[in-house]
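Student: from the sequence below, what's the structure:
(2 chains)
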Amino acid sequence: MRAARRAIVRSPGARVVAVVALALAAFPFAVADTFYRQIVVMTLMYGALGAAWNLVGGFLGRVSFGHAVFLGLGAYTTLLLLHNLALSPWFGIPAGGLIAAVTAFIVGRPTLRLTGHYFAMATIAVLAVAHVLMVNWSWAGGAVGLEAPIANSVWLLLFRSRAPYYWIAAVLALLTLWATYALARSKAGYYWRAINGDEAAARSLGVPAERYKMLAFVLSAAITGIWGGFYAIYVGFVDPDSAFSLTLSIQIVLVTILGGVGTIGGPWLGAALLVPLAEGMRVAMGGSGRGFDLLLYGLAIVLVSLFLPRGLITLRLRRAAAPG
Amino acid sequence: MLEAVATGLFNGLIYAAVAVGLALIWGITDVINFAHGDFLMLAMYVAYWLFTLGHVDPTLSAPVAACVLGFVGFAAYALIIRPLQRAPPMIVILATFGLGLVLRQLAFIAFSPDYRNLPDTWLSGSIRLGEISLGRPQVVTGVVALAMIVVLFKLVYGTRWGRALQAVAEDRLAASLVGIPCDRVNAQVWMLGSAAVGVTGALLTSFFYVFPSVGAVFGLLAFVAVAMGGFGALPGAFLSGVLIGIVEALTGYLVEPAYKTASIFLIFLLVLWYRPRGLFGRW
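Tutor: Predicted coordinates:
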């Protein structure tokens, strides 16, 4: 047992994580420009969202294009609790994760029966229905959305400066990474991969597929919901178009698949490439309003798909395989 | 209310026309073409410019749009889909998403985001059928869409070549084993599906606004129609398209226009609840 633990700590993956964690810790002291910090925070968020999505989409193999619905639920829950019950995001964010998890449980029953493309379309349908509902519920802000109040208190997790959010994001990201890693190596992770490989065969070997599919879905939703809560207090504003956005859902999938679906590090790699790319291009070219930035973004997606079809992570795996 | 149903019916025929093209591509090459809506947008612009610059009525530019889109579909297949044959399926789908984004942005840059429409085409005006009044462009487009769908059905279910398509859709490996050139079939299907969208798009310009993001709405509804009908089943896509049109119109009339989209998706989820493989799906 101790030998196994030592092996994990010494593994190359752990070393990478340690280096990155140190870099993250040192970064705000080295770079004061809030723009770059924003990029890092967004990268961490998309990486985490991708990692959470990966539980369902990568390990379990059910591609969901509607994951933004959990983000939106988490975001809205946090802000609604803050506005109506003056409940601090310290409780509101986990509550958002819980609401997302419960929703996943309710929605999961009918949808997890579906396979492949049908499941993907069903998740889009759920997202679309949620979007329409939120637009029409004026008690939840309607089409205008909700704002987070302006405050500067640790108790409310609202700050005037952007710096504390950086640390929150970093901690949440490390927790997410640890959670996905632990899950992947747990019994659940093996069951998920078995179901992904061949559900009928897995069932015949005694894997309680229904329960574990639901588990993946609920956990993925919970993590996404928690990040939704973070998104709400970080951006300070949510509305149906930004929170329940199909584009956002697709970007989560994009980040994970381009990085390497079904791997632990894939989503983070994908986010590390795509988020700075998108933000950088937006700043460099978006100002003219001519749309060149999104054009290059689309081209980048096509090119990465063509040249690295198994994701960015294959760059490292290929090198590792070479001597053998 | 009859008018709402009739409007919905003709809208539905248009959704069905877009959906059938997508269903062909999806069913036979197993790729969800996220750029399908943007193909429609391209066709609309082709017709728009032909009219604005050359005074060619959309009804005449439909075949031109079909050819242009057929070429675009072929290019998409050859440059993006075929190279990714052995890649994980999701990558192909995301590549089509990237392609759609590129097309949309190119249109955005080249044609500006302005909403454009064609003022006076051959089809303008309205038709009275009994006590309901419908726009003539909508009716003609619906009828042409129906005709095109019938032609496609005849092609796929009535000809030898169509049987080859069905074979590839059912079991690619077996089809290649009996000598069907799967690669060529794929290319042909992409061309055919895109051409179908080309015709629809050209006719749409006679009554719908043209702008770079117009593909998004139709594209999404087409996906829902194909999935609801059961992917791999053309009649399913057709019926679902029409059903979506009617549901949408009825919701707008009976409930509230704001909930139109929600009701479409709810019906979709309901269908999947009782028939997890869609209305007519076999796999």
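Student: helix, strand, or coil at the nearest residue to A:Leu205 once chain neighbours are set aside?
Tutor: Of all residues not flanking A:Leu205 in the chain, A:Ala194 sits nearest, at 7.4 Å (Cβ to Cβ, 6 or more residues apart in numbering or on different chains). Where you see a C-beta, it was placed from the backbone N, CA and C, and this is true even at glycine. Here A:Ala194 takes the helix state, with states given by DSSP: H, G, I helix; E, B strand; the rest coil.
Student: what about chain A, any weak spots by pLDDT?
Tutor: A:1-10, A:286-290, A:316-324 (pLDDT under 70).
Student: where is the longest helix in it?
Tutor: helix A:209-235 (DSSP state H).
Student: now chain B
Tutor: Longest helix in chain B, counting by DSSP H: helix B:2-29.
Student: what residues are up against the residue nearest to A:Leu205?
Tutor: A:Ala201, A:Ala202, A:Leu205, A:Val207 (Cβ atoms under 8 Å, 6 or more residues apart in numbering or on different chains).
Student: tell me how far it lies from A:Ala209.
Tutor: Counting by Cβ to Cβ, to the nearest Å, the gap between A:Ala194 and A:Ala209 amounts to 9 Å.
Student: any common contacting residues for these two?
Tutor: Joint contacts of A:Ala194 and A:Ala209 (Cβ under 8 Å, 6+ apart) are A:Ala202.
Student: show me which residues of the stretch 1-150 of chain A sit near chain B.
Tutor: Applying Cβ under 8 Å from any Cβ of the partner chain, one finds that the stretch 1-150 of chain A approaches chain B through A:63, A:110-111, A:113-115, A:117-118, A:120-122, A:124-126, A:128-129, A:132-133, A:135-136.
Student: now, of these, which are buried?
Tutor: Buried members of those, scored by 16 or more other Cβ atoms under 10 Å in any protein chain shown, are A:63, A:110-111, A:114, A:117-118, A:120-122, A:124-126, A:128-129, A:132, A:135.
Student: how many neighbours does residue 91 have?
Tutor: Picking chain A for this. A:Phe91 has 15 neighbours, counted by other Cβ atoms under 10 Å in any protein chain shown.
Student: not quite, go with chain B.
Tutor: B:Ile91, neighbours per other Cβ under 10 Å, totals 21.
Student: which one of the contacts of A:Ala194 is nearest B:Phe265?
Tutor: A:Ala202 (30.9 Å; Cβ to Cβ).
Student: got the contact list for the closest one?
Tutor: By Cβ under 8 Å, 6+ apart, the neighbours of A:Ala202 are A:Tyr191, A:Ala194, A:Ile195, A:Ala209.
Student: tell me what angle the one helix or strand the first one maps to forms with helix A:209-235.
Tutor: A:Tyr191 is located in helix A:187-197, with elements delineated by DSSP states H and E. Helix A:187-197 and helix A:209-235 are oriented at 110 degrees to each other (axes from the mean of the first three to the mean of the last three Cα atoms, to 10 degrees).
Student: where's helix A:187-197 relative to the chain centroid, distance-wise?
Tutor: 20 Å (Cα atoms, centre = their mean, to the nearest Å).
Student: give me the buried positions along that helix.
Tutor: Residues of helix A:187-197 classed as buried by neighbour count (16+ other Cβ under 10 Å): A:Ala188, A:Gly189, A:Tyr191, A:Trp192, A:Arg193, A:Ala194, A:Ile195, A:Asn196.
Student: state the distance from the second one to A:Leu277.
Tutor: As for A:Gly189, its distance to A:Leu277 is 30 Å (criterion: Cβ to Cβ).
Student: just the third one next, same as before
Tutor: A:Tyr191 sits 36 Å away from A:Leu277, going by Cβ to Cβ.
Student: residue boundaries of the helices in the stretch 51-200 of chain A?
Tutor: A:68-85, A:89-111, A:116-136, A:163-184, A:187-197, A:199-204 (DSSP state H, counting those that start in this stretch).
Student: dihedrals phi and psi, the closest residue to chain A within the stretch 101-250 of chain B?
Tutor: The nearest approach of the stretch 101-250 of chain B to chain A comes at B:Leu101, 3.3 Å away (Cβ to the nearest Cβ). Per-residue torsions, B:Leu101: phi -60, psi -40 (degrees, to the nearest 10).
Student: and the spatially closest residue to it that is not a sequence neighbour, what helix or strand is that in?
Tutor: With sequence-adjacent residues excluded and distances taken as Cβ to Cβ, 6+ apart, B:Leu101 is closest to A:Gly298, at 3.3 Å. Assigned by DSSP H and E, A:Gly298 belongs to helix A:292-307.
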